[in-house]
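*Asks:* Sequence plus the predicted model coming up.
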Amino acid sequence: MKRKMLSILISAFMFITIFPDTAFASGDTVTDANSLWITSETTNDDIISAWGEDAATIKANEDGSYTVKLLKNISLANSKTVSFGKQFGGEADPLIVLDLNGKTIEGTSIPVANYANLTIKDSSADKTGGISYTGNGYFVAINNVGNKMTIEGGNFSCAGAGVIMLL
């Protein structure tokens, strides 16, 4: 009886190992994510509505800035963008910090647009967070039409004939 149980247990473990690791990590990426406009008025419920549970968080900082921390990779649906700040908010718009946290934002349109004051960083130990344009046209990974943008970390890439950033 013990030999039979051991055989079943070993068979079960062998069966599990034939699946690739990504099958178990599939919950780490939000696919076909909606556009999201992030401002000082954005709530965690707004993020959940656009990207689902546990994709990212937003919090107010003591200095009046806001931090958006990615908890999952975000793969945007076609023609979707993550925009930061109020349009034409300028210097008066609070600073928003995008903490990639080792995660990525990718899209086939401009994945990230800054309309006010944005800092991009990656607080993860391995520094694997990034922003990627994955389309094949003349687009950019980040479009800065705002007042100020600072890049403190992250990996940026652009497929097709685009450029990484338009300032």
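*Replies:* Arrived safely. Numbers count the residues shown, from 1 in each chain.
*Asks:* which element follows the helix or strand bottoming out on mean pLDDT in the chain toward the C-terminus?
*Replies:* Least confident helix or strand of the chain, by mean pLDDT, DSSP states H and E, is helix 21-24 with a mean of 28. Stepping forward along the backbone from helix 21-24, the first helix or strand reached (DSSP states H and E) is strand 29-33.
*Asks:* So residue 82 sits against residue 74, correct?
*Replies:* Yes. Between residue 82 and residue 74 a contact is recorded at 7.2 Å, counting by CB atoms under 8 Å. (Glycine included, C-beta is placed from N, CA and C.)
*Asks:* Find residues that contact each of these two.
*Replies:* Both residue 82 and residue 74 are contacted by residue 105, under the criterion CB atoms under 8 Å, 6 or more residues apart in numbering.
*Asks:* got a list of what the most centrally placed residue in the chain touches?
*Replies:* The chain has residue 105 as the residue nearest its centroid, 3.6 Å off, counting by CA atoms, centre = their mean. Going by CB under 8 Å, 6+ apart, residue 105 touches 70, 73, 74, 76, 82, 111, 112, 130, 131, 132.
*Asks:* Same check on residue 123?
*Replies:* 69, 99, 100, 101, 153.
*Asks:* And residue 115, by the same measure?
*Replies:* 83, 84, 85, 86, 87, 88, 89, 93, 145, 146.
*Asks:* Could you check how far the fifth one is from residue 145?
*Replies:* The reference is to residue 87. Using CB to CB, to the nearest Å, residue 87 is found at 8 Å from residue 145.
*Asks:* Just to be sure, the residue nearest to the centre of the chain is in a helix?
*Replies:* No. The assignment for residue 105 is strand, going by DSSP: H, G, I helix; E, B strand; the rest coil, so no helix is present there.
*Asks:* Can you give me the pLDDT of it?
*Replies:* Residue 105 is assigned a pLDDT of 98 by the prediction.
*Asks:* Kindly report the same for residue 71.
*Replies:* With respect to pLDDT, residue 71 scores 98.
*Asks:* do the one 4 residues further on as well
*Replies:* Per-residue confidence (pLDDT) for residue 75: 98.
*Asks:* next one: residue 11
*Replies:* The model's pLDDT for residue 11 equals 47.
*Asks:* likewise residue 15?
*Replies:* 41.
*Asks:* quick one: contacts for residue 126?
*Replies:* Counted by CB under 8 Å, 6+ apart, residue 126 has contacts residue 102.
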